[in-house]
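Participant: sequence plus predicted model, see below.
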Amino acid sequence: MSDLLTSLTTELRRGSLTLAVLSQLDTPQYGYSLVQRLEKSGIAIDQSTLYPLLRRLEKQNLVTSSWDTSESRPRKYYVISEYGTEIFQDLKKEWEKMSEELQQLLKGDD
């Protein structure tokens, strides 16, 4: 893959990763479990991409986090907030609309 294609693909994925992550936080997830859930659906995400994204989503009040210290290794769990659910539903509608429109453009004139 050329450098330009790699760059454009990364740019294309960036917005869709936010939607993908929000879609998986209806139940509390820690970083590694979230990576596994996304990969199971065919969406690869590196932890070095995921954690900054989760911090940004938390700062935007779209997700909340809490520590579970009951295990020997403490884990930070993330879950979508009520506000995040509203935004997610709106984003999902926008994604579906945009996907349909793009599909029409990519089909071309038949």
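Facilitator: Everything's here; your move.
Participant: helices of this structure, residue ranges please.
Facilitator: For the chain, the helices defined by DSSP state H occupy 3-23, 31-40, 47-59, 82-107.
Participant: quick one, which of those is nearest to residue 72?
Facilitator: Evaluated over the helices of the chain, closeness to residue 72 peaks at helix 31-40, with 15.2 Å, by Cβ to Cβ. (Glycine included, C-beta is placed from N, CA and C.)
Participant: so who does the residue sitting nearest the centre point of the chain touch?
Facilitator: The centre of the chain sits closest to residue 21, judged by Cα atoms, centre = their mean, with a distance of 2.5 Å. The contact partners of residue 21, taken as Cβ atoms under 8 Å, 6 or more residues apart in numbering, are 34, 38, 45, 50, 53, 54, 57.
Participant: redo that, cut-off 7 Å
Facilitator: By Cβ atoms under 7 Å, 6 or more residues apart in numbering, the residues touching residue 21 are 34, 53.
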